[in-house]
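1. A predicted structure for the sequence below; I have some questions about it.
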Amino acid sequence: MMPAGRTRADSLRWMAQGTAVFFDALASVPDDRLDRPTALDGWSGKHLLAHLAANADALVNLAHWARTGEETPMYSSPAQRDADIEAGATRPAAELRAWAVRSAKTLDARLAELDEQQWNREVRTAQGRTVTAEEIPWMRTREVMVHAVDLGAGVEFDDLPADFLAALIDDITAKRSGADGPALTLTATDHSGTWAVSGAGDPAPVTGTLAGLAAYLSGRRSPGVTGAHGGPAPELPRWL
């Protein structure tokens, strides 16, 4: 079942947009720059690219599960996922680029094969959540959109579609609620939406643009986002 306000068509549209944004950004990055650190702690551009390629392959597994009913986990284990990213990061840049393109195209093709019944079949995410296959394009959307920013090739949260950013905030606030972390009330300065995160203590007010709030909630650099009385917003634990 899809969250209110987000449809399968939305997720497929955003996935296509995010894929284009990511690969356009990647095309501007020379091979030698992929060896440099990204905004993600401990990850080079090659790590990020290996992760994106492996993520598409993992989501192909879920599409297979949805189509056939045969249980096919995203990854054999969290340790194997991490090891595959580390191994992938040692591959030549040209191989990584080709893998990323190939896996993205395969995911598109496998999702296009699903019928209505298969879209509603339950599968399991790498975090152990049971969801319908309708979540697969949204899961991919988050990866390509957010990592297009992480790549450091000039894409910022401000460049991402506003309706995607609002849906991302919906998604992250739901995941953060009830987990370790502070209670929050979030208000966008350029959007009518307000959001709440249940957590420890009295809710702390957080204000910023839609893009700034999405960056903040996802653990990215978020200039312009402020907490109570214009001070710093509370620090957050890891999102995913």
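-> Noted; the coordinates are in hand. Numbering: from 1, shown residues only.
2. Would you mind splitting the chain into its domains for me?
-> Split into domains by automatic domain parsing, the chain comes to 8-155, 162-230.
3. what's the span of the first one from first residue to last?
-> One end of domain 8-155 sits 25 Å from the other (C-alpha to C-alpha, to the nearest Å).
4. Then the last one?
-> Between the opening and closing residues of domain 162-230 lies a distance of 24 Å (C-alpha to C-alpha).
5. So which residue is dead centre in this protein?
-> R142 (2.5 Å; C-alpha atoms, centre = their mean).
6. pLDDT averaged over the helix or strand in which that one is found - what is it?
-> R142 is part of helix 135-150 when elements are defined by DSSP states H and E. Per-residue pLDDT over helix 135-150 has a mean of 98.
7. again, but for stretch 171-189
-> Averaging pLDDT along stretch 171-189 yields 95.
8. related to what we said a few turns ago, which one of the domains of the chain lies nearest to P237?
-> domain 162-230 (4.9 Å; C-beta to C-beta). Bear in mind the C-beta positions are built from the backbone N, C-alpha and C, glycine included.
9. Skip ahead from the lowest-mean-pLDDT helix or strand in the chain and say which helix or strand is next.
-> Ranked by mean pLDDT, DSSP states H and E, the weakest helix or strand in the chain is helix 78-88, scoring a mean of 93. From helix 78-88 onward toward the C-terminus, using DSSP H and E, the following helix or strand is helix 93-112.
10. Now that following helix: buried residues?
-> For helix 93-112, burial by neighbour count (16 or more other C-beta atoms under 10 Å) applies to 93, 96-97, 99-100, 103-104, 107-108, 110-111.
11. if we can go back for a sec, would you confirm that the residue nearest to the centre of the chain contacts L168?
-> Yes. Under the criterion of C-beta atoms under 8 Å, R142 makes contact with L168 at 6.7 Å.
12. ok now the biggest strand by length in the chain, how far from the chain's centre?
-> Counting residues, the longest strand found in the chain (DSSP state E) is strand 200-208. Mean-position distance between strand 200-208 and its chain equals 23 Å (C-alpha atoms, centre = their mean, to the nearest Å).
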